[in-house]
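Novice: What follows is a predicted protein model with its sequence.
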Amino acid sequence: MSTVLILGGYGAVGREAAAALVGRPGTNVIVAGRNPGKTAPVPGTTTMRVDAADPADLSRALDGADTVLMCAEIDNVRVARACVERGIGYVDVTASHPLLTGLQRLDGAAREHGATLALSVGLIPGVTNLLARFCAERSAADGLLIGALLGSGEAHGPAALAWTLDGLGRLNGSWTMRFPEPYGERTVHRFPFSDQYTLPATLGVGAARTGLCLDSRLLTRLLSVAGRPVVARLLRRPRVRRLLPASLGAVRVGDDGFAVTVRCGEVQASFSGRRQSRATGRMAALLVGRLPGLPAGAHHVEQLVDPAAFLTELAADGFDLDLGDGRQSAPA
């Protein structure tokens, strides 16, 4: 019996991952966080109250765990280090580049203790990383263009909204990307997703740029305004930081569809579906299942799995995959 501890397991991503893992034979799933009564438990899982910021609480939670799936941003590097020291596998869905940089520094310790740290495991970064590797391996071009179209109608938690606010103040440049139907060609605005900072090193490409748009064209146009100096300064004000996440959380313009697409020269591939939190959770669960056979050390997902095979398996869980080479996968 393998035990998977999901930290931050009461959020949308953690619950999706738990639902995917609980049906696997020989897998014991523990959903952990500071507020066990926040939502109804995922059937078949065990719940546990854990404050990951408390070293003693974390140590107790790690007893008996074989793998930790981190679905929150609470001292991630310290949590990962505690896992490494026990030889516990660690999977992280964070999209924060500074956190990923800190986690990568644990590579030597992870190799020494025989632990695998899987990073960039989600939609962006994650699916985009695998699409990027697929395209880069089939093109002589030296640059990657990545586009993310997110559904403005999907509900997001306070942490995700706060992270988006941080990025809105740092938009820089725009270009067009072709997304799968029904979206078509859209303008994307550069956004500080972490994949563009890590892919040049892991794939050996000259440069990568990631742009964001929303399914609502009106809201996408408003994104470009956020990059102006006056608006960026406004977004950094404490009062705005307190009030805007709640206001954004109440807005429902558009639906919950998403699409990510990557282009390298003339080669393009895409992945799309509904509910980005579901895509992130399901991808994390799929990677957790493969973790025991992966090499020790800290690695981004594109360094660990074959992109075409992994994405094809993920797409079978209700998503659309177009690898641009005649191979397409649609929801079963």
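Specialist: Good, I have the coordinates. Numbering: from 1, shown residues only.

Novice: can you pull the contacts of the residue positioned nearest the centre of the chain?
Specialist: Centroid-nearest residue in the chain, with CA atoms, centre = their mean: residue 122, separated by 2.7 Å. Going by CB atoms under 8 Å, 6 or more residues apart in numbering, residue 122 touches 13, 93, 95, 279-280, 283-284. Heads up, the C-betas are built off the backbone N, CA and C, glycines and all.

Novice: count of neighbours near residue 295?
Specialist: 11 (other CB atoms under 10 Å).

Novice: Over to residue 30?
Specialist: The burial count for residue 30: 20, using other CB under 10 Å.

Novice: I'd like the next helix or strand past the helix or strand harbouring it.
Specialist: Using DSSP states H and E, the element containing residue 30 is strand 27-33. Using DSSP H and E, the next helix or strand after strand 27-33 towards the C-terminus is strand 46-49.

Novice: Could I get the CA-only coordinates of the strand holding residue 30 as CSV?
Specialist: Taking Å, rounded to 0.1, in the frame of the first residue of the first chain, the C-alpha atoms of strand 27-33 are listed here in CSV:
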residue,chain,number,x,y,z
THR,A,27,-3.1,3.8,-2.9
ASN,A,28,-4.0,5.3,0.4
VAL,A,29,-4.9,9.1,0.0
ILE,A,30,-4.6,11.5,3.0
VAL,A,31,-6.1,14.9,2.3
ALA,A,32,-4.5,17.4,4.7
GLY,A,33,-4.7,21.1,5.5
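
Novice: roughly how far out does it sit from the chain middle?
Specialist: Between the centre of strand 27-33 and the centre of its chain there are 19 Å (CA atoms, centre = their mean, to the nearest Å).

Novice: List the buried residues in that strand.
Specialist: 27-33 (16 or more other CB atoms under 10 Å).

Novice: now do stretch 300-310
Specialist: Applying 16+ other CB under 10 Å to stretch 300-310 flags 300-305, 307-308, 310 as buried.

Novice: taking the residues you listed one by one, which sit in strands?
Specialist: residue 300 (DSSP state E).

Novice: three-state assignment of residue 24?
Specialist: coil (DSSP: H, G, I helix; E, B strand; the rest coil).

Novice: so what's it up against?
Specialist: Contacts of residue 24 by CB under 8 Å, 6+ apart are residue 289.

Novice: Mind pulling up the pLDDT for it?
Specialist: Residue 24 is assigned a predicted lDDT (pLDDT) of 88.

Novice: Report pLDDT for the residue nearest to the centre of the chain.
Specialist: Reading off the model, residue 122 has pLDDT 94.

Novice: Tell me the span between the first and last residue of stretch 93-108.
Specialist: Distance across stretch 93-108, first residue to last, is 21 Å (CA to CA, to the nearest Å).

Novice: Residue 177 and residue 147: what is the separation?
Specialist: To residue 147, residue 177 is 3 Å away according to CB to CB, to the nearest Å.

Novice: same question, residue 50
Specialist: 37 Å.

Novice: swap in residue 30?
Specialist: On the measure of CB to CB, residue 30 and residue 147 end up 37 Å apart.

Novice: same thing with residue 186?
Specialist: From residue 186 to residue 147 the distance is 7 Å (CB to CB).

Novice: neighbour count winner among these two?
Specialist: Of the pair residue 186 and residue 147, residue 147 is the one with more neighbours under other CB under 10 Å, namely 28 against 19.

Novice: Touching, that one and residue 179? I think so.
Specialist: Yes - using CB atoms under 8 Å, residue 147 is in contact with residue 179, at 6.6 Å.

Novice: Now for those two: what residues contact both?
Specialist: 186, 261.

Novice: name the helices or strands packed onto the helix or strand containing residue 176?
Specialist: Assigned by DSSP H and E, residue 176 belongs to strand 174-179. Contacts defined by 3 or more CB pairs under 8 Å, 6 or more residues apart in numbering; DSSP states H and E place strand 174-179 against strand 143-150, strand 184-190, strand 207-214, strand 257-264, strand 267-274.

Novice: Using CSV, write out the CA atom coordinates for it.
Specialist: This file holds the C-alpha atoms of strand 174-179, laid out as CSV (Å, rounded to 0.1, in the frame of the first residue of the first chain):
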residue,chain,number,x,y,z
SER,A,174,1.8,41.0,-26.7
TRP,A,175,1.5,38.8,-29.8
THR,A,176,-1.1,36.6,-31.5
MET,A,177,-1.6,32.8,-31.0
ARG,A,178,-3.9,30.4,-32.7
PHE,A,179,-5.9,28.4,-30.1
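
Novice: Please name the strands paired to it in the sheet, noting orientation.
Specialist: strand 184-190 (antiparallel) (DSSP bridges).

Novice: Common neighbours of residue 186 and residue 147, please.
Specialist: The contact lists of residue 186 and residue 147 share 177, 179, 213, where a contact means CB under 8 Å, 6+ apart.
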